[in-house]
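Undergrad: Fold the following, please.
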Amino acid sequence: MMPGAAAQGLIWGVMAIGVYITYKILDVADLTVDGTMCTGGAVFIMLTVHGAPMAAALLGAFIAGMLAGLATGLFHTFCGIPAILAGILTQLALYSVNLRIMGQANQPISFRNYALLVSSRNVKAMTLENPILIGAIFCAAIVAVLYWFFGTELGSSLRATGANPNMARAQGIDTNFTKVLGLMLSNGLVALSSALLAQYQGFADVNMGRGAIVIGLAAVIIGEVLLSKVFRNFALLLVSVIVGSILYYVVYNVVIWLGLNTDDMKLITALIVAVFLSIPYWKGKYFDRPGKKGAGTHA
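TA: Model (predicted):
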């Protein structure tokens, strides 16, 4: 099961990076991803079925995700709707949009009929078509591009908006624009992950994104709790998110191997996220003892 866990972890790691952008950098609670996680796969499959080359289909999925993020961003900034509600509205609308794109609730795609980039059938093959290798290349490329982007003036403006929007506005940054940009970039990556996942599993389903935000948060939080003390560079922080995603799927497969009911996985995931969210609080309250009063005051 472990090769499959690694492959899925890398694919979902792309989605988790998208969640990281909104949750940790932009400081916005975005629930759009539950809808976008189907949109990217649906667009990719329909473009591929209609003869689009691989690069164009992946780009189309990315752009579709960015448009979903744009809708959420405009709901939030232009209409004044709180970010979490704006995401819920877009997610709700995307259910119908995804059905329109696919024409039905489920749209299959087969490696026998189309030249797909990743497929679960190659997960144990020692070839260049192994989805673990391709997923790793995608993750490395995305981390490199984001590391460059967030070092630019525009990327720094986006980070400043998340860190302190009032100070960012005082410095002349259009925070509404940067919020919309961050939501677009985040959902574009989520849709790209969805396009890879649809190829890997051989279909896109209107419900394939349900609970995706929880998986994304699990990856972000697991990576942060386990590796934040070691990984301080921004690029390495993004890598920690990918590692967190892989670890999540390793746990997922171990749970299946142990014979637990897969119907309980949402409950187990919620508990895992709750535990990792609680660790910093428990650590600060019960394990980090304050220094003795007056310590260090003597010359």
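
Undergrad: Do you have the helices of the stretch 51-200 of the chain handy? List them.
TA: 54-77, 83-102, 131-149, 153-163, 165-170, 175-201 (DSSP state H, counting those that start in this stretch).

Undergrad: among those, which is nearest A5?
TA: helix 131-149 (9.9 Å; C-beta to C-beta). Yep, even glycine has a C-beta here, placed from its N, CA and C like the rest.

Undergrad: Tell me where the model's unsure across the stretch 151-299 of the chain.
TA: 288-299 (pLDDT under 70).

Undergrad: how about a cut-off of 50?
TA: 292-299 (pLDDT under 50).

Undergrad: all strands in it, in order from the N-terminus.
TA: Remark: strands assigned in the stretch 151-299 of the chain by DSSP state E, counting those that start in this stretch are 203-205.

Undergrad: wait, what's in contact with Y249?
TA: Y249 makes contact with A5, A6, Q8, G9, W12, according to C-beta atoms under 8 Å, 6 or more residues apart in numbering.

Undergrad: related to what we said a few turns ago, kindly reformat the helices of the stretch 51-200 of the chain as a markdown table containing mean neighbour count and distance to V225.
TA: Listed next are the helices of the stretch 51-200 of the chain as a markdown table, based on neighbours: other C-beta atoms under 10 Å; distance: least, C-beta to C-beta, whole Å:
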| stretch | mean neighbour count | distance to V225 |
| --- | --- | --- |
| helix 54-77 | 22 | 27 |
| helix 83-102 | 19 | 23 |
| helix 131-149 | 17 | 20 |
| helix 153-163 | 17 | 20 |
| helix 165-170 | 13 | 26 |
| helix 175-201 | 26 | 21 |
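
Undergrad: could you redo those helices as JSON lines and give each row distance to G41?
TA: JSON lines is the format used below for the helices of the stretch 51-200 of the chain (distance: least, C-beta to C-beta, whole Å):
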{"stretch": "helix 54-77", "distance to G41": "7"}
{"stretch": "helix 83-102", "distance to G41": "9"}
{"stretch": "helix 131-149", "distance to G41": "15"}
{"stretch": "helix 153-163", "distance to G41": "27"}
{"stretch": "helix 165-170", "distance to G41": "33"}
{"stretch": "helix 175-201", "distance to G41": "3"}
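
Undergrad: Looking at those helices, spot the one closest to N207.
TA: helix 83-102 (8.9 Å).

Undergrad: So which other helices or strands are in contact with that closest one?
TA: Helices and strands touching helix 83-102, by 3 or more C-beta pairs under 8 Å, 6 or more residues apart in numbering; DSSP states H and E, are helix 33-49, helix 54-77.

Undergrad: now the angle from the longest one to helix 33-49?
TA: If I follow you right, that is helix 54-77. Comparing the axes of helix 54-77 and helix 33-49 via axes from the mean of the first three to the mean of the last three C-alpha atoms, to 10 degrees yields an angle of 150 degrees.

Undergrad: what's the spacing between helix 54-77 and its chain's center?
TA: 14 Å (C-alpha atoms, centre = their mean, to the nearest Å).

Undergrad: With just CA atoms, put it into CSV.
TA: Output in CSV follows, covering the C-alpha atoms of helix 54-77 (Å, rounded to 0.1, in the frame of the first residue of the first chain):
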residue,chain,number,x,y,z
MET,A,54,-2.0,17.2,-22.1
ALA,A,55,-0.5,20.6,-21.4
ALA,A,56,-3.6,22.5,-22.6
ALA,A,57,-5.9,20.3,-20.5
LEU,A,58,-3.8,20.9,-17.4
LEU,A,59,-3.6,24.6,-18.0
GLY,A,60,-7.4,24.6,-18.6
ALA,A,61,-7.9,23.0,-15.2
PHE,A,62,-5.6,25.5,-13.5
ILE,A,63,-7.5,28.4,-15.1
ALA,A,64,-10.8,27.0,-14.1
GLY,A,65,-9.6,26.8,-10.5
MET,A,66,-8.4,30.4,-10.7
LEU,A,67,-11.9,31.5,-11.9
ALA,A,68,-13.4,29.7,-8.9
GLY,A,69,-11.0,31.6,-6.6
LEU,A,70,-11.9,34.8,-8.4
ALA,A,71,-15.6,34.3,-7.7
THR,A,72,-14.8,33.8,-4.0
GLY,A,73,-12.5,36.8,-3.9
LEU,A,74,-15.1,39.0,-5.5
PHE,A,75,-17.8,37.8,-3.1
HIS,A,76,-15.5,38.6,-0.2
THR,A,77,-14.0,42.0,-1.4
